[in-house]
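Participant: Prediction below, plus the sequence it came from.
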Amino acid sequence: MSSAPAQHDAPTDTTPDGTDEAHAFTELGLRAELLGALAALGYEEPTPIQREAIPPLLDGRDLLGQAATGTGKTAAFALPLLHRMVAHRDGGDPVALVLVPTRELAVQVSEAFHRYGKDLGARVLPIYGGQPIGRQLRALDSGVDVVVATPGRALDHIARGTLRLGGLATVVLDEADEMLDMGFAEDIEAILEHAPAQRQTVLFSATMPSRIDGMARQHLREPVRIEIGREQQVAGAAPRVRQSAYIVTRAHKPAALGRVLDVESPTAAIVFCRSREEVDRLTETMNGRGYRSEALHGGMSQEQRDRVMGRLRAGTADLLVATDVAARGLDVEQLTHVVNYDVPSAPESYVHRIGRVGRAGREGVAITLAEPREHRMLKTIERVTGQRITIDKIPTVADMRTRRLELTQAALRESLLEDDLDPYRVIVETLTDEFDLMEVALAAVKLAHEVTSPGSDDEEEIPQAPVRGPREGRPESGGRGGDRRGGGRPRMGGNTVQVFVGLGRRAGVRPQDLVGAITGETGIRGRDIGSIEIADRFSLVEVPQGVADEVISGLRSSTIKGRKATVRRDRGGDER
């Protein structure tokens with residue numbers, strides 16, 4: 001489903017080929033309230049996954065779907081679920097449960113349900129770690145229609161008796177492969193055991209490893225199987241998309257982005273950020289650097305989105321700073337550059353983003369700003385996509401001065417070739433009576449350069465961050481007698497503490513399992529986590545002191561590799 005607004009001023013919603021949008025969805029058999037919401041949101045015709053999945057889900061069939069990030073999976077299961085729901089219910093336990101791997105996705109999916117089901121009075125509740133549980137308890141007690149939850153927090157509510165699943169008609173497992181990678185397999189099994197046997201079960205996954213197939217065979221009844229290919233493979237775009245990355249610390253990212261864009265001089269660019277707050281902050285920063293920047297995120301109304309996209313397409317804005325969700329479905333013809341302000345969390349997200357440039361034979365540029373510890377994720381993307389991402393150095397102050405001089409020279413050359421300069425001849429002739437012709441030309445170039453490149457002499461160098469190899473970053477312990485810190489990533493700055501987790505290498509624990517459990521059940525972001533050391537029977541995770549209690553609470557309420565673990569502040573080796 002595309003959230004791009006219709007490119008016209010008419011009051012009716014039509015697709016570029018003149019097809020009525022509501023009619024396109026009507027063919028799928030959706031109820032009038034949903035069609036009205038879709039038309040109000042400005043959505044265009046259904047995406048392939050929606051066309052394939054909605055009819056069997058409306059019929060109550062189980063479904064196993066494989067589709068990459070950004071293909072419209074949320075609407076594919078949300079619209080049928082809302083269609084079958086009784087409108088404006090009073091009280092009652094949830095009729096649908098959607099399990100997702102992270103709190104961010106829980107919020108995104110909940111927002112989508114709210115948008116689609118507002119005319120049905122749909123009551124949707126996201127529950128995840130890091131949110132005050134009292135608010136969740138009150139909402140569950142008042143009655144909800146749809147619960148969107150991370151597995152750990154859902155299981156916690158089930159154990160408390162506050163999330164009752166007896167009335168469930170549908171269970172959705174969204175991003176199932178990621179949930180299994182994060183160690184939620186046992187939690188999911190336990191949740192499904194509490195759900196009614198006669199239910200509709202929907203499973204979506206970007207990949208289909210054997211364990212996903214095994215889960216489907218166990219819990220889905222004669223499911224409809226749907227496989228939707230990636231919107232555009234990187235391999236196919238390789239001749240048209242130049243891919244590069246810059247290794248830069250978090251604090252220097254805004255300045256680095258400005259320099260890269262100054263050098264690249266894009267016709268139009270999209271910069272992808274992780275959060276709304278970051279979008280707003282970066283938009284303000286880039287406007288301060290002289291870029292005509294516009295923000296686009298889920299906190300904006302459709303009218304605001306329309307205005308932003310109108311300015312971008314009209315050429316009155318040249319930089320769009322957006323979240324993934326807000327930018328889904330956008331297709332801007334003059335787009336030349338895509339910038340990942342952070343390394344995408346999944347290769348599929350990277351593929352989907354850079355697929356927005358290099359279309360229809362046009363050349364495009366994909367740029368990623370990676371923190372030193374994110375370098376290994378770049379290697380993962382290279383391995384999955386089979387394409388090389390060149391690591392470039394951030395332009396220096398000298399590079400920027402040279403670039404600005406080149407731009408001044410280009411502007412003067414264009415003026416010499418195309419402009420009528422005769423009105424200014426008298427000034428040159430008068431000045432050459434007093435000064436050498438070369439000196440007059442130099443003064444003119446200096447003035448032109450100062451006008452076109454202000455403030456070029458007061459910048460500071462951006463330090464080149466080290467590129468860490470695949471064995472650096474968050475090292476695993478080296479075995480008996482080895483240094484617990486592994487000689488890898490240095491300690492975080494500021495006050496930090498180490499959290500002891502009573503599972504280690506023997507339990508199959510990997511650094512990504514710990515990171516996934518922490519980010520999935522707390523408000524902590526991956527970049528806020530310090531070094532991780534994994535021994536045979538335990539692991540140590542370094543976190544900022546101010547969030548240590550939240551991390552401990554989140555890990556205690558979740559499972560890692562399907563197992564509960566002892567979690568506490570590290571006491572310096574008394575159990576080692």
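Facilitator: Structure's in. What do you need?
Participant: so Thr566 makes contact with Gly504?
Facilitator: No - using CB atoms under 8 Å, Thr566 is not in contact with Gly504; the gap is 11.5 Å. Any C-beta I mention is one placed from the backbone N, CA and C, and that applies to glycine too.
Participant: between those two, who's got more neighbours?
Facilitator: Gly504 (19 against 12; other CB atoms under 10 Å).
Participant: What residues does that one make contact with?
Facilitator: Shown in contact with Gly504 (CB atoms under 8 Å, 6 or more residues apart in numbering): 534-539.
Participant: quick one: low-confidence parts of the stretch 301-450 of the chain?
Facilitator: 302, 325-331, 345, 348, 358-362 (pLDDT under 70).
Participant: would Glu45 count as being in a helix?
Facilitator: No - counting by DSSP: H, G, I helix; E, B strand; the rest coil, Glu45 falls outside a helix, being coil.
Participant: any idea how far it is from Pro132?
Facilitator: Computed with CB to CB, to the nearest Å, the distance linking Glu45 and Pro132 is 41 Å.
Participant: higher neighbour count, the two?
Facilitator: Higher neighbour count among Glu45 and Pro132: Glu45, with 18 against 8, using other CB under 10 Å.
Participant: so who does the closest residue in space to Glu278 that isn't next to it in sequence touch?
Facilitator: Nearest residue to Glu278 in three dimensions, chain neighbours excluded: Tyr341, at 7.2 Å (CB to CB, 6 or more residues apart in numbering). Applying CB under 8 Å, 6+ apart to Tyr341 gives the contacts 253, 257, 271-274, 278, 282, 369.
Participant: ditto for Arg276
Facilitator: For Arg276, the contact set (CB under 8 Å, 6+ apart) comprises 297-299, 323.
Participant: Helices - which of the residues you listed land there?
Facilitator: Per DSSP state H, helices hold no members of the contacts of Arg276.
Participant: Can you select the buried ones among those for me in ChimeraX?
Facilitator: Burial among the contacts of Arg276 is assessed by 16 or more other CB atoms under 10 Å; the matching ChimeraX selection reads:
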select :297,298,323
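Participant: Now distance to Ala195 too, for the contacts of Arg276, in CSV please.
Facilitator: Formatted as CSV, those follow (distance: CB to CB, whole Å):
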residue, distance to Ala195
His297, 34
Gly298, 30
Gly299, 33
Thr323, 32
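Participant: what stretches of the stretch 451-576 of the chain score poorly on pLDDT?
Facilitator: In the stretch 451-576 of the chain (pLDDT under 70), the answer is 452-459, 465-494, 523, 571-576.
Participant: and if we set it to 50?
Facilitator: Low-confidence segments of the stretch 451-576 of the chain, defined by pLDDT under 50, are located at 456-458, 468-493, 573-576.
Participant: And the helices in it?
Facilitator: Taking DSSP state H, counting those that start in this stretch as the test, the helices found in the stretch 451-576 of the chain are 511-521, 548-556.
Participant: part of a strand, is Leu97?
Facilitator: Yes - Leu97: assigned to a strand according to three-state DSSP.
Participant: Now do the contacts for it.
Facilitator: 146-147, 149, 154, 165, 168, 170-172, 191, 195.
Participant: Report the separation between it and Ala106.
Facilitator: Applying CB to CB to Leu97 and Ala106 gives a distance of 12 Å.
Participant: got any residues that touch both of these two?
Facilitator: In contact with both Leu97 and Ala106: Ala149, using CB under 8 Å, 6+ apart.
Participant: Would you mind finding the most buried of the helices of the stretch 451-576 of the chain?
Facilitator: Compared across these, helix 511-521 shows the largest average neighbour count, a mean of 24 (mean count of other CB atoms under 10 Å).
Participant: any idea of the angle it forms with helix 548-556?
Facilitator: Between helix 511-521 and helix 548-556, the angle comes out at 100 degrees (axes from the mean of the first three to the mean of the last three CA atoms, to 10 degrees).
Participant: now helix 511-521, how far from the chain's geometric center?
Facilitator: Averaging C-alpha positions (CA atoms, centre = their mean, to the nearest Å) puts helix 511-521 17 Å from its chain's average.
Participant: cool, stretch 131-139 as well?
Facilitator: How far stretch 131-139 lies from its chain's middle: 26 Å, per CA atoms, centre = their mean.
Participant: average pLDDT for that stretch?
Facilitator: Stretch 131-139 comes out with an average pLDDT of 84.
Participant: State the distance from the residue in the chain sticking out farthest from the centre to Ile427.
Facilitator: Going by CA atoms, centre = their mean, the residue of the chain most distant from its centre is Asp433, 63.4 Å out. Relative to Ile427, Asp433 is positioned 11 Å away (CB to CB).
Participant: Check Met85 too.
Facilitator: Taking CB to CB as the measure, Met85 falls 76 Å from Ile427.
Participant: ok, those two, which is more surrounded?
Facilitator: Each of Met85 and Ile427 has its neighbours counted (other CB under 10 Å); Met85 has more, 21 against 11.
Participant: OK, contacts around that one?
Facilitator: The contact partners of Met85, by CB under 8 Å, 6+ apart, come to 95-96, 117, 120, 122, 145-146.
Participant: rerun at 7 Å
Facilitator: Contact analysis of Met85 by CB atoms under 7 Å, 6 or more residues apart in numbering lists 95, 120, 122, 145.
Participant: Pro196 too?
Facilitator: 166, 168.
Participant: For it, give me the pLDDT.
Facilitator: As predicted, Pro196 sits at a pLDDT of 95.
Participant: That one: which element?
Facilitator: Using DSSP states H and E, Pro196 sits in no helix or strand.
Participant: ditto for Ala53
Facilitator: Ala53 belongs to helix 48-58 when assigned by DSSP H and E.
Participant: So which residues make contact with that helix?
Facilitator: For helix 48-58, using CB under 7 Å, 6+ apart, the contacting residues are 1, 28-29, 63, 65, 67, 71-73, 75-77, 79-80, 83, 202, 224, 226, 228.
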